[in-house]
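Engineer: return atomic coordinates for the entry below.
(chains A and B)
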Protein chains: 2
Amino acid sequence: MLFTINRKLDISVQNQLQQQIIAGIMNGQLAPGTKLPSTRKLARDLGISRTTVVIVYDKLVENSFLVAANRSGYEVATAANWPQEARRPLPQVPPAKPPVNWDQRIDPKLNSQRNIHKPANWQDYPYPFVYGQPDVSLFPLPAWRECSRQAMSRMAMHDWANDAFTQDDPELVREIITKLLPKRGIYATADELLITMGAQNGLYLIAAALMKNGVKVGVENPGYPDARNIFDLCGAALVSLDVDPEGVVVDDALAACDLVYVTPSHQYPTTVTLSSERRKALLKCASENNLLIIEDDFESDTNYTGEPVPALKGEDTEGRVIYAGSLSKSMFPGLRLGYIVAPKPLIGEMRGLRRLMLRHAPSNNQRTASLFIAQGYHLAYIRKLHKSYAERWRKMMAGLEKYLPGMTTAPSFGGTSFWIRGPVDLDAADLARRALSQGIVIEPGSVHFINPEMGNRFFRLGFSSIGAERIDEGLKRLSTLL
Amino acid sequence: MLFTINRKLDISVQNQLQQQIIAGIMNGQLAPGTKLPSTRKLARDLGISRTTVVIVYDKLVENSFLVAANRSGYEVATAANWPQEARRPLPQVPPAKPPVNWDQRIDPKLNSQRNIHKPANWQDYPYPFVYGQPDVSLFPLPAWRECSRQAMSRMAMHDWANDAFTQDDPELVREIITKLLPKRGIYATADELLITMGAQNGLYLIAAALMKNGVKVGVENPGYPDARNIFDLCGAALVSLDVDPEGVVVDDALAACDLVYVTPSHQYPTTVTLSSERRKALLKCASENNLLIIEDDFESDTNYTGEPVPALKGEDTEGRVIYAGSLSKSMFPGLRLGYIVAPKPLIGEMRGLRRLMLRHAPSNNQRTASLFIAQGYHLAYIRKLHKSYAERWRKMMAGLEKYLPGMTTAPSFGGTSFWIRGPVDLDAADLARRALSQGIVIEPGSVHFINPEMGNRFFRLGFSSIGAERIDEGLKRLSTLL
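Structural biologist: As a prediction, the model looks like this:
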């Protein structure tokens, strides 16, 4: 018997049957002319309703995979209906070993880069203090489905089915400009905004446009590893900038840069918010030394003790701040949507780059996201996340005072993680290994430092993925390992 | 009255009302505490059903934008429910003129590149012989919606909501490997496949990985302008390769390259299919001179006089062919999905590049596309397109013989366009302008040539967007302008 139904799968019985018949036809098991079991027999054998079988058979007839032979039932349509190749079986021989010497052809730079690693199955651990992964169970899936359905109407599709080359969905642009940016104190025009494939893609576009041939780029140390990786790959000469409890330090090292990459709302990874004095000093320094500032406005919506601090971009009167925002945390990371706000000439340049790189973000997702914002679901979800994260944040504060006193480096008023400085002789990488064996996932800190050894005693505890009720116990167990 | 309903819009009355209330709250017109009209009054004033108003009010209460005051009705919830910034009005002053000298910062290369231009409103012209835009009316939207709904189930979402970093959707990978590639005579393993944001993104990744510092890259002339643009931007030294009625010419110029970019199934833009002798010669030359071949398998599904020719990659026993495929034409261009098949080391490198560039294609679209293939809709749509394009192709053949005899350069058996060589003194750019004024959209050919003046007498006529019934009249009118 060719077909099997698994009721445990997250896919309807009808679709399982349809997929298995298609697969059988395309891999040749069901050759043209093959008679299929009668609807009654197949329904009985599989223990499913006969109506289901009839619906599937009819669908496949409609798409010319099957023909209704006569009263004797259904059979597979003739091969003429699709290419011969479709039914060629997979070969048993492995592909020939390539004599091409790839090491000679490929730039080794990538492989030498350091990245954050977390166990692929982190969701299986009882105490996942992982960073940057949302609690999917909070996402308003029905609202997203509704917006997606609206975006897929025939008329709407006419707007976005075609390749838009360089253009973004004007409706998403409008929603971001009128609803998201004002929340951050930013007022931009449509030609000052570019939709990106997430903030990561935003940083890549900025780097590709501005960082060729050893341009001096200041980066926070500790800071976001992938920002360093991208800038380095695009040709920048990285300059290390110190971070203290007020945020990035504005000094001669910073003044000597061409560009500076900063995370003001909650510094990555220390979660420190840039003080207002520092904000003024940074903008003043940029103006005096003709610097450009890249603002990664990262977790801007997560402040648990007051209003969020407006974006640096909001105070930028000279067009020196290039603002990178993301919808990954306020929608979902797999969506890969973000945006850049910058002066018109730079947006034009990056639009040209994006055109060659990928044209534009998928139009159906752009339209769905615009409806998700326009109908208030986006803001409602942010509030829901905020409520839930605030509770976890308070539990973290309490637990850290109880079990790891004095180890949180700076007062943290927001973000979705805590930055921990362990004892001077701590090897956080080793701690992480031992913790994992106890079901606790933590993130060693050294990857965030330009010189790894500086970070041996640091680690990060994220709380966006761990249930509030597990936080206290998780921290307790972690402390016994310290 | 704040709200207006427009029944002509492609958005339900309910959603129009909901969006307008959200917009009013967020831009401050509806301050906290503001009483909303009673459901009865608003329904009467707008001429819509009271139930609709009740549904909208309830949704907004559920998301804490409104509160049900008491029997006196609904009012806007207190500001505490969302950031102050949300209600700051747009400023009247324009942004300050940036003193930053962007010309100094930005590489001028992009602006000097030539691209294909078509009128943005080409759909409004009666005779749009435009190229590369599908006939949206043929797309099986209900099937796509069904797959999208399945992809958005709670359980499925768990698979893809999180950032997958470097990984592609294993279900889409499986569908491409087992159903699409075998149709082209290609048998690959999962680590030889990379999902891209369309073929364009595929070419960019290949170029970024292999074309730094003046690597010699052969390109067909005439050929695909954006391939030249991408390779040039990534640092390649371009080598012009001639094209004759058998396809790209295999000669010393080609043998001297490090990489060669070709479009064997239907050469771009001439639509010539690479002859089997040339295929053999190309692979032999690559093996003897240690070349890599980039195969853009472009319109492979469009052959109207026989079976499609298998991909060059299918005959590649040495791992020298890098294969770029696209789902833009067999799903829709706005989706931005494609794939690369290449030896494992190169795929690994490009996966690392893609991770820094954009992480991965949106997971929801990857899952929807995999279901669209698995359930047979993709192949059914290709057959439907093929049928419709074949009819238009025959009408084009007939019309060209009647009105532009002897002007089609090479025997064309497929593709979605014809490549026309006009009289020796023709200025196709001027013809295109005159044609446009008559409602006929054609594409001048010079942009496809490395040296534009060589292309003055050529132009391209696409037939994927023009209705079969208009082809004859369109060609007749065009011929009178020649």
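Engineer: pLDDT at A:Arg355, what is it?
Structural biologist: As predicted, A:Arg355 sits at a pLDDT of 94.
Engineer: I meant to write A:Trp102 there.
Structural biologist: You'll see A:Trp102 listed with a pLDDT of 85.
Engineer: does it touch B:Pro345 like I think?
Structural biologist: Yes - counting by C-beta atoms under 8 Å, A:Trp102 touches B:Pro345, with 3.9 Å between them. Bear in mind the C-beta positions are built from the backbone N, C-alpha and C, glycine included.
Engineer: pLDDT averaged over the helix or strand hosting A:Thr480 - what is it?
Structural biologist: Per DSSP states H and E: A:Thr480 is located in helix A:468-481. Across helix A:468-481, the average pLDDT comes to 96.
Engineer: only the buried residues of that helix, if you could.
Structural biologist: A:470-471, A:474-475, A:477-478 (16 or more other C-beta atoms under 10 Å in any protein chain shown).
Engineer: distance between that helix and the chain's centre?
Structural biologist: 27 Å (C-alpha atoms, centre = their mean, to the nearest Å).
Engineer: show me the contacts for A:Arg320.
Structural biologist: A:283, A:286-287, A:291-293, B:98, B:100 (C-beta atoms under 8 Å, 6 or more residues apart in numbering or on different chains).
Engineer: if we ignore the residues flanking it in sequence, what's nearest it?
Structural biologist: Spatial nearest neighbour of A:Arg320, excluding adjacent residues (C-beta to C-beta, 6 or more residues apart in numbering or on different chains): A:Ala286 at 4.9 Å.
Engineer: on that earlier part again, which strands or helices does the helix holding A:Thr480 pack on?
Structural biologist: Applying 3 or more C-beta pairs under 8 Å, 6 or more residues apart in numbering or on different chains; DSSP states H and E, we find helix A:468-481 packed against strand A:127-128, helix A:377-403, helix A:428-437, strand A:440-441.
Engineer: can we see that at 6 Å?
Structural biologist: helix A:377-403, helix A:428-437, strand A:440-441 (3 or more C-beta pairs under 6 Å, 6 or more residues apart in numbering or on different chains; DSSP states H and E).
Engineer: make a markdown table out of these and add distance to B:Gln16, mean neighbour count and mean pLDDT.
Structural biologist: Putting the helices and strands packed on helix A:468-481 into a markdown table (distance: least, C-beta to C-beta, whole Å; neighbours: other C-beta atoms under 10 Å in any protein chain shown; pLDDT from 0 to 100) gives the following:
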| stretch | distance to B:Gln16 | mean neighbour count | mean pLDDT |
| --- | --- | --- | --- |
| helix A:377-403 | 16 | 19 | 91 |
| helix A:428-437 | 52 | 16 | 96 |
| strand A:440-441 | 46 | 24 | 96 |
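Engineer: for those, which one sits closest to chain B?
Structural biologist: Between chain B and these, the shortest separation by C-beta to the nearest C-beta is 3.7 Å, and it involves helix A:377-403.
Engineer: check which element follows the closest one along the chain.
Structural biologist: Next helix or strand after helix A:377-403 toward the C-terminus (DSSP H and E): strand A:417-421.
Engineer: contact partners of that next one?
Structural biologist: Contact with strand A:417-421 is made by A:131, A:269-271, A:396, A:407-409, A:412, A:457-462, as judged by C-beta atoms under 6 Å, 6 or more residues apart in numbering or on different chains.
Engineer: sorry, back to before: possible to save the helices and strands packed on helix A:468-481 as JSON lines with distance to chain B?
Structural biologist: Listed next are the helices and strands packed on helix A:468-481 as JSON lines, based on distance: least, C-beta to the nearest C-beta, whole Å:
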{"stretch": "helix A:377-403", "distance to chain B": "4"}
{"stretch": "helix A:428-437", "distance to chain B": "18"}
{"stretch": "strand A:440-441", "distance to chain B": "14"}
